[in-house]
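Next come a sequence and a model predicted from it.
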Amino acid sequence: MAYWLIKSEPFKYSWDQFEKDKSTFWDGVRNYAARNNLRAMKKGDLAFWYHSNEGLEIVGIAKVIKEAYPDPTIDDETWSAVDFAPFKKLKKPVGLAEIKTDKRLANMALVRLGRLSVQPVTDEEWKIIMELSGTK
């Protein structure tokens, strides 16, 4: 299993709305690196749900329920979408400021590649974020 981080602006689509919907498709990615990360996801992989622009924190974990397929919002096979379902809400959100001050996370893509909307997360980074959130 691989780990990921996906970003959503809460005023557009929040974790709470995602939980109400019970699933969603991740679309609208128009960056090649982020698209390639979507295409690398496998069913069962887990992704941190990060509230961007407001909140600036990891709030939950989503699970890949359908691997990459052509983005249905555009007539161009260059872009992909992935389906997710809520897996778990974090006990305590982990904010960007906390992540940036933790030296163990200095190489995390969220710190180094802040604008990338779909990012890989290493096993070690995953464990640290879970520890910081108090979530098992």
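Thanks, I have the structure now.

tell me the helices in the protein, going along the chain?
Using DSSP state H, the helices assigned to the chain run over residues 15-21, 32-40, 96-101, 109-112, 123-133.

Go through this protein and flag its longest strand.
Longest strand of the chain, by residue count under DSSP state E: strand 80-95.

and the angle for that strand with helix 123-133?
Counting by axes from the mean of the first three to the mean of the last three CA atoms, to 10 degrees, strand 80-95 points 50 degrees away from the direction of helix 123-133.

I'd say residue 6 and residue 26 touch.
Yes: counting by CB atoms under 8 Å, residue 26 is a contact partner of residue 6 at 6.2 Å. Any C-beta I mention is one placed from the backbone N, CA and C, and that applies to glycine too.

Quickly list what's touching both of those two.
84, 118 (CB atoms under 8 Å, 6 or more residues apart in numbering).

avg pLDDT for the longest strand of the chain?
Mean pLDDT, computed over strand 80-95, is 98.

Ok, stretch 56-70 next?
Here the average pLDDT along stretch 56-70 is 98.

How far does that stretch sit from its chain's centre?
5 Å (CA atoms, centre = their mean, to the nearest Å).

again, but for stretch 127-135
The answer for stretch 127-135 is 15 Å, by CA atoms, centre = their mean.

how about it: buried residues?
Buried residues in stretch 127-135, counted by 16 or more other CB atoms under 10 Å: 128-130, 132-133.

Next: stretch 70-90.
Buried-residue list, stretch 70-90, by 16+ other CB under 10 Å: 71, 79-84, 86, 89-90.

what do you get for stretch 38-51?
Counting neighbours by 16+ other CB under 10 Å, stretch 38-51 gives 38, 41, 45-51 as buried.

Pick the one among the residues you listed closest to residue 112.
residue 50 (14.6 Å; CB to CB).
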